[in-house]
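Student: Show me how the following folds:
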Amino acid sequence: MVSRVEVSEDFRKQVLGYGLTTAQILYRMPDHRSLLQTYVWQNYDLFPKFPALQDFLAFWQEKIEGPLHSVTVAHSKLIKPAELRAVDGVFRLH
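Tutor: Residues are numbered from 1 along each chain as shown. Below is the predicted model:
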């Protein structure tokens, strides 16, 4: 019998070019507009257009009462091409 190993959806996204995206969202409190609150959002997304983040921010502006102040984005591809470098010699240890 052959066992089938399921691959996680997150790994599939990484192979397709998605990277881990983290956004720090500063927004104004609905009742106290002079106060800022922070929210951290993290998901796999595509650089440079960030469609998942854009969808989330559109949802925020439509459904959440706290107006956005600023969004800071960090993105990293987790699966990268292997880094190769030439070796000048071979050393053997006993």
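Student: what's the spacing between Pro67 and Ala58?
Tutor: 14 Å (Cβ to Cβ, to the nearest Å). (Glycine included, C-beta is placed from N, CA and C.)
Student: What sits closest to Met29 if chain neighbours are left out?
Tutor: Nearest residue to Met29, sequence neighbours excluded (Cβ to Cβ, 6 or more residues apart in numbering): Leu35, at 4.5 Å.
Student: Could you verify my assumption that that neighbour touches Arg28?
Tutor: Yes. Counting by Cβ atoms under 8 Å, Leu35 does reach Arg28; the two are 7.0 Å apart.
Student: Looking at the two, which one has more neighbours?
Tutor: Arg28 (16 against 11; other Cβ atoms under 10 Å).
Student: Please report how far that one lies from Leu46.
Tutor: When Arg28 is compared with Leu46 (using Cβ to Cβ), they lie 29 Å apart.
Student: and if you look at Ala52?
Tutor: In terms of Cβ to Cβ, Ala52 sits 8 Å off from Leu46.
Student: May I have the secondary structure class of the nearest residue to Leu68 once chain neighbours are set aside?
Tutor: Closest residue to Leu68 apart from its sequence neighbours, by Cβ to Cβ, 6+ apart: Tyr27 at 5.3 Å. At Tyr27, secondary structure determined by DSSP: H, G, I helix; E, B strand; the rest coil is strand.
Student: I am finished for the moment; much appreciated.
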